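[1] No letters, just coordinates:
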């Protein structure tokens, strides 16, 4: 794999991981999902991202996921998450992904410990020096240590292996400066937006593409936005962006991320299976409530398979939920007052 | 293992993990460390904490660490970190620790994702219902999701398996409220302080003990503080606390935690081995600088083995470091100005 | 005023400001409050603090408050807030307080703009050089720019005019280090705790005293804690601390600080008058609820004047409030879902 | 003043306040600045914003500023900051601005105290009910309490007096949602962007205009960006945006905001006068350094008046400054090590 490859661009889908009744990865369903997305015309895949719950999988399970995605991607490029527990394990995963023919790996800043920018720079420099595959620097400060823009700039200028960044910071001032200070100097450096509220905006500003959770639930919507933007049809792109906001808001604001998105896949006909993180009864109620609303929005977008759950579910689950929520609130208030 | 066991109390040492030249766990050295600490009279051990870099070990390595510690603990109680990637793996680790005869496991709030308090409560409730071993709830909000005090209170009231909390929040208002709202209702609930600046203060307030990184480097100092406090000799305890501050400040402010503490073990005669996270040249300089200062402070405390590195090293590494730091600062300033 | 004055120590009460029906300062009631507190044996007064809503008064009103307090203090020392809009106005206020015979002024870090530590140090150095009255550096990072410990240390070492610090950071690690690094070098430097959850703890650690909002509502409780601590009767002090926690929690957690404390004054027989900041209907309900609970706690402490509002009010306001709160919550949930 | 007025749109300039040798407002120079900006074709003015140091002026000075601006605005609309110490003073200022014929006032969330969203909503609702002039809600969470989007939406739907928002949060997800949830329902509601890194982006997304600090220093640049965007010439607008980034970065990253911008005015030929907040020697060096760089960038933009300070100054101040900075850094490092 040489560095002369083209700039990474387009829409990469961060898939969910479906689980079977015993909580193991449902490999067949994962294959169905990837094939379906490939048929829908997404640019590529992004396994082992935050959406794919990489942090809740074992090391072996993460390998399984990327292998399955690569087997079903039908030639579409793969950008694989490779944020492992220590640098040797990251490099092992890099080699594994390189052997599978992935286009690049994506690596977050380290998580748990709070590290200095100097440490983070040393970490990426060592990875860049030793990785057999191109690296995308994934900035997601809400979950992991931020990679500051000066560090990213030095990495981009010094390390040919570091070929791009995925930015999920929501900080569009930073995004603008990334384009201004890095991409102007190194035009082949890929700048990807990782937050769907700002997909259209990011593309307008000069992004090469994005990795967007919603793209797995409504690939048709995201790809039509992307193609409209690429064609310079900004009015259409903005219009689709507003539609996407409603879908995204429902899924991202559901409790216990990424359950909202997993619910979205179910409404498109897939079996997501049980969550890998326990849901309280009140949260289950909120998810059921949101599922019904999302079904209506999806049906309104023309996705017929979701229509069946629109309406009927709302009234029923609605009654139950509001009472449950109110009870929970009253208990909390009373408990707080009792102290 | 029954819930009638006594309240967890005393000083539990969160050991470092020494590595060999190839970056693997140096099992022999780990055995030496644990035996030495047991000889020094520490109350118990705390493997797989933040100090023990659990997040940078593989699942198998974490098992190895707790097994070795249990084999060398010489009957002293073990409180083992068990914050694994998902709830099934946590429970597997709980069973493993129970089979080894550990006193309890300690579990942080989940990390990476930001979760609601409702989700966190559901998580601990499920663990408490299924764990074969007592659980200590480990609150360390700087690294992992905070467990709010109302959640902790409900868990303590409802779950016999949850027998205590380790608090590394540095929030002594919370600590006071924990004693006031929980321990008053359930006196056998163990409240441990996890921040050595506040060990004496915490014991004064009513803590049952602590888990303190420094206790692995200077067990003599920490245990003498603890025994003075338990004897009601508060003036002596406060005096030792001030000495401990100087030691702790040097180690905790060194770059790339827990390197400062690993350096401390080396000055006590152990081989910590290379770090599991890369250090930049400037950081290596800062560590060398700090090592020399720490040697002097340790020698001043009467730990002769450290005296050899006090003085000589300072002047030499000092010259090198300050220049390196100044150069680094100038480069950064100039780079910032050039943009 | 010379720098040879004794270290500031004891309990300084940050009074509320009562308002009349037209929203102006109720000067007569303010006089009553100060005289009553002086009779209760508080050490001194702390006008124009956060409790005194200095930020919501005009410049002229702040002068009026400190003048009235000085006229009624009956010889007790005054530590007057002097955080004005710019450095010339701060210095004008310093002169005004010096002329009134105040013991010192207390100055927060600047608020609104985020400033560097370098700017903050320059600000206090200029004040120290030009002020005609001693200065206490007031660290309250939740409301104003933090004054870092290294800056405070340099100020304490270099500036005779800076004679102490009031710390409302709740960061007891910082508090410990303040005692360790500053007070050890300059024993006359006053270290005051500004958070009542930690009064007993702070005194144990070595604080010279405190400024505590609750001291205006229950001066008897706070002074008895203080005197117990000074007499070395720590078990009694800790016992009183726990009682104080219940009182403080109710007042500090009430909506729209400092309304909870103003309600406390009312239950002790004073007219606080209407708030200077609007309260929503739901907030008014929460205040009424809290008032009834606080009345019972105060009555339980033996403050008979509060007994009349304990019980009767609870059930009535309780019914109204919970419904109002529930309605508000339901509306919010539904509004959120409708978007 | 009726609510049928047109939507507020265009570029409103938040002027600096020049001071004379004695630190008073330099009224003549302020008049010069406003007349010059009016001649340059800016849409309107924004006195008493963060740039105008409203927080460092006295109440009387703020009145003086808005009066002078209104006298020199030559018919251009004025959006006047009116965030006073309490609600009665805010309303007094609203009346004053209404009498002067201002278009609207802009009001930040309250600062200093941390308030709940419920309190903030009550505050704006009371203002909206009583103000004689239209209100723009100014969200600047880095300095003042954030006004959440649900609160803003309710205010926009319920209060005719609240006619728009200025958003300086840099949160473009929020900005997108503001356009989606509020402006779609109430098209006359004005959405202004307050961060120049994102002016072009904001206009693309659908903003009605902006209030931008740089517009006072380089009105020619900002207005040409605005007109290009309004004409749909997005490539030109993006090109100008990148130029603006360099200017803005220098000014906003200078120490002690808004000194960087005040320096910019000086390079355009105005007398800003001394700062109202002390600058340390090192900060003065950084400002001098930045002044020379900014002069070159301005000269490169064709502003000849700045050319004289480009180059010559750099080398001289550069030598002095770097040494000073290095010394300061060394002292800090050594001081830190000495503790």
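    Perfect, thanks for sending it. The structure presented is a predicted model; accordingly, all values stated were derived computationally and were not measured.
[2] Start from the N-terminal end of chain A and give the strands.
    Using DSSP state E, the strands of chain A run over A:10-13, A:44-45, A:79-81, A:104-108, A:135-139, A:162-167, A:190-193, A:209-211.
[3] out of those, nearest to residue D:295?
    strand A:190-193 (31.5 Å; CB to CB). C-beta: built from backbone N, CA, C; applies to glycine.
[4] Name every strand pairing with the closest one and say which way it goes.
    strand A:162-167 (parallel), strand A:209-211 (parallel) (DSSP bridges).
[5] looking at it, residue A:88 is touching residue B:19, isn't it?
    No - using CB atoms under 8 Å, residue A:88 is not in contact with residue B:19, being 10.8 Å away.
[6] who's more crowded, those two?
    The neighbour count for residue A:88 versus residue B:19, taken as other CB atoms under 10 Å in any protein chain shown, is higher for residue B:19 (20 against 16).
[7] Not counting sequence-adjacent ones, nearest residue to that one?
    In space, and not counting its chain neighbours, residue B:19 is closest to residue B:273: 3.7 Å by CB to CB, 6 or more residues apart in numbering or on different chains.
[8] For that neighbour, give me its contacts.
    With contact set as CB atoms under 8 Å, 6 or more residues apart in numbering or on different chains, residue B:273 has these partners: B:18, B:19, B:20, B:21, B:23, B:26, B:29.
[9] For the fourth one, give me its contacts.
    In other words, residue B:21. Applying CB under 8 Å, 6+ apart, the residues near residue B:21 are B:273, B:274.
[10] just residue A:77 next, same as before
    Neighbouring residues of residue A:77 by CB under 8 Å, 6+ apart: A:8, A:12, A:43, A:44, A:45, A:102, A:103.
[11] residues touching the third one, list them.
    With contacts defined as CB under 8 Å, 6+ apart, the neighbours of residue A:43 are A:9, A:10, A:11, A:12, A:76, A:77, A:209, A:226.
[12] Can you report how many residues lie near residue A:141?
    Counted with other CB under 10 Å, residue A:141 comes out at 17.
[13] Could you measure from the closest residue to it other than its chain neighbours over to residue A:249?
    Excluding the flanking residues, the one nearest residue A:141 by CB to CB, 6+ apart is residue A:169, at 5.4 Å. Residue A:169 sits at a distance of 19 Å from residue A:249 (criterion: CB to CB, to the nearest Å).
[14] next one: residue A:227
    Residue A:227 sits 23 Å away from residue A:249, going by CB to CB.
[15] again with residue A:276
    Applying CB to CB, the value for residue A:276 to residue A:249 is 24 Å.
[16] dump the residue contacts of the residue nearest to residue A:159 when sequence neighbours are not counted.
    In space, and not counting its chain neighbours, residue A:159 is closest to residue A:128: 3.8 Å by CB to CB, 6+ apart. Contact partners of residue A:128, counting by CB under 8 Å, 6+ apart, are A:135, A:155, A:159, A:160, A:161, A:162.
[17] Specify which member of these is nearest to chain B.
    When the contacts of residue A:128 are compared for distance to chain B (CB to the nearest CB), residue A:155 wins out at 13.0 Å.
[18] Identify the residues contacting the closest one.
    Listed by CB under 8 Å, 6+ apart, the contact partners of residue A:155 are A:121, A:124, A:125, A:128, A:137, A:162.
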